[in-house]
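In: Need coordinates for the below:
(chains A and B)
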Amino acid sequence: MRKLLIGVIILTLFNACKSTNNAKLPILGNAHEVTKMVNGKSATVTESATIPDFKFVNQYADTITRKSLDGKIYVADFFFTTCPTICPVMHRNMIKVYDEFKGDDNFRIISHTIDPKYDTVPVLKRYADKLGITGNSWWLLHGEKGDTYKIATSYLQSVQEKNPNGEYIHDGYFILVDKQKRIRGTYMGTDPKEVDKLIEDIKTLKADPEEAVAK
Amino acid sequence: MKFKIIGFITLVLIVFAISCQNDGQVEFNRYYSGGSQIYQSHCQNCHGAKGEGLQALIPPLTDSIYLNSNKTALACYVKNGLKGKITIHNKVFDEEMPSSDLSPIEIAKVLTYVTNSFGNKMGTINLEQVTADLGKCK
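Out: Prediction:
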């Protein structure tokens, strides 16, 4: 009986250790079945949803595509520079993420403007300067409205045209994407606690062996 | 008997003094706590929970010298918005604050809150003062 108890305790401890060391983030998005040729035979496999190709321009007027994020873990959000409501809160919190990882070239933040008419490239550059962000860690992306709204759905976000009060409706989420372009977490960007969780999850993801080898 | 009268008079005086002092304090508390609610719903997104602002985009509300020297203009800033260069803590801001649809009493409350929080201590900015200030907006 005593031995059994000790055994159980050791096993529990072992498992506890294991789960903290090998913590894995979930893979979000709608997985879908695809039929593929595997070893000359057709087989149905489940593939997780990934962010499709896109083309936008950043605050330096450089073209940014899906390929620009190859080999990088990144966080995406949607905003506009004249947003009086949640955006200042979101970016006050995003600066924490930026400060934590700005030295890491395998990490990026991308913020899509949902008001491309006002938020031209020079306006985005000025915003970036005033926000105090430099270098290539955090890109503010400008693109066709339709393209931005379409990519938003890939990030499980909804953005809409201006409502009758002239306000844009958009979600204040930060979306964590891995090197395989899979969504690994969504966090309310206006809540400092969730943003702390995001920072922890980025560290976890960086330590994931699957991510270390991915290019 | 004499003692009783003196005691009574002293008591009356004390009660009087306390209630006088309390009148001002009660008014301040009423403005301040109401203002705290209004701040959270109308200002905090931009200026932050601690009045810290946001980098070079939104100025902090912690510059007591600026607030004091612009005391009678603050109501107009909140009502009509503010645009153009201002210097806060020796840093130049050249941004735009949108106008608001707050009523004069709400403006008085939120200004009492702002000018007595985040290290500021300017006393009550009451409705009479705000009404007078709003009459002189540029």
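
In: burial of the residue in chain A that chain B sits nearest to, as a residue count?
Out: Across chain A, no residue is closer to chain B than A:Lys130, which sits at 4.2 Å (Cβ to the nearest Cβ). The C-beta positions use only the backbone N, C-alpha and C, and glycine is treated the same way. By the measure other Cβ atoms under 10 Å in any protein chain shown, the count of residues near A:Lys130 is 17.

In: For chain A, what is the nearest residue in chain B?
Out: Counting by Cβ to the nearest Cβ, chain B gets nearest to chain A through B:Ala56 (4.2 Å).

In: which outside residues touch stretch B:88-102?
Out: Residues from elsewhere that reach stretch B:88-102 (Cβ atoms under 8 Å, 6 or more residues apart in numbering or on different chains): A:84, A:130, B:38, B:42, B:46, B:53, B:56-60, B:62-63, B:66, B:77-87, B:110.

In: wait, what's in contact with the residue of chain A closest to chain B?
Out: For A:Lys130, the contacting residues are B:55-57, B:95, by Cβ under 8 Å, 6+ apart.

In: any idea how far it is from B:Ile105?
Out: 34 Å (Cβ to Cβ, to the nearest Å).

In: Tell me how far stretch A:23-42 lies from the chain's centre.
Out: The chain centre lies 21 Å from the centre of stretch A:23-42; the measure is Cα atoms, centre = their mean, to the nearest Å.

In: ok, now stretch A:110-121?
Out: Using Cα atoms, centre = their mean, the offset of stretch A:110-121 from its chain centre is 18 Å.

In: Tell me if the biggest helix by length in chain B is near chain A.
Out: Longest helix in chain B by number of residues (criterion: DSSP state H): helix B:2-42. No: using Cβ under 8 Å from any Cβ of the partner chain, helix B:2-42 stays clear of chain A, with a minimum separation of 9.9 Å.

In: Of the contacts of stretch B:88-102, just the buried ones, ChimeraX syntax please.
Out: The buried residues among those can be selected in ChimeraX (16 or more other Cβ atoms under 10 Å in any protein chain shown) with this line:
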select /A:130 /B:38,42,46,53,56,57,58,59,60,62,63,66,77,78,79,82,86,110
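
In: residues contacting A:Leu69?
Out: A:Leu69 neighbours (Cβ under 8 Å, 6+ apart): A:108, A:110, A:177, A:181.

In: Give me the phi and psi angles of the first one.
Out: Geometry field for A:Arg108 lists phi and psi as phi -140, psi 160, criterion degrees, to the nearest 10.

In: count of residues packed around the closest residue to it other than its chain neighbours?
Out: Using Cβ to Cβ, 6 or more residues apart in numbering or on different chains and skipping residues adjacent in sequence, the residue nearest A:Arg108 is A:Tyr74, 4.2 Å away. Neighbourhood size, A:Tyr74 [other Cβ under 10 Å]: 22.

In: Could you list the residues in contact with stretch B:52-68?
Out: So stretch B:52-68 is in contact with A:88, A:91-92, A:95, A:127, A:129-132, B:46-48, B:51, B:74, B:86-89, B:91, B:93, B:95, B:114-115, B:117-122, going by Cβ under 8 Å, 6+ apart.

In: Compute the first-to-last residue distance for that stretch.
Out: 18 Å (Cα to Cα, to the nearest Å).

In: Equivalent analysis for stretch A:113-127, please.
Out: Taking Cα to Cα, stretch A:113-127 runs 11 Å from one end to the other.

In: Tell me if it is near chain B.
Out: Yes: interface with chain B: stretch A:113-127 contributes A:Tyr127 (Cβ under 8 Å from any Cβ).

In: List the buried residues for that stretch?
Out: Residues of stretch A:113-127 classed as buried by neighbour count (16+ other Cβ under 10 Å): A:113-116, A:119, A:121, A:123-124, A:127.

In: Would you mind putting those into TSV with pLDDT alongside?
Out: Below are these laid out as TSV (pLDDT from 0 to 100):
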residue	pLDDT
A:Thr113	96
A:Ile114	93
A:Asp115	93
A:Pro116	95
A:Asp119	96
A:Val121	98
A:Val123	97
A:Leu124	98
A:Tyr127	97
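
In: just checking, what packs against the longest helix of chain B?
Out: helix B:104-114 (3 or more Cβ pairs under 8 Å, 6 or more residues apart in numbering or on different chains; DSSP states H and E).

In: for the helix or strand of chain B with the lowest mean pLDDT, the distance to its chain's centre please.
Out: When the helices and strands of chain B are scored by mean pLDDT, DSSP states H and E, helix B:2-42 comes last with a mean of 82. Relative to its parent chain, helix B:2-42 has a centroid offset of 19 Å by Cα atoms, centre = their mean.

In: does any part of the helix or strand following it sit near chain A?
Out: Once helix B:2-42 ends, the next helix or strand along the chain (criterion: DSSP states H and E) is helix B:44-47. Yes: Helix B:44-47 is in contact with chain A by Cβ under 8 Å from any Cβ, via B:45-46.
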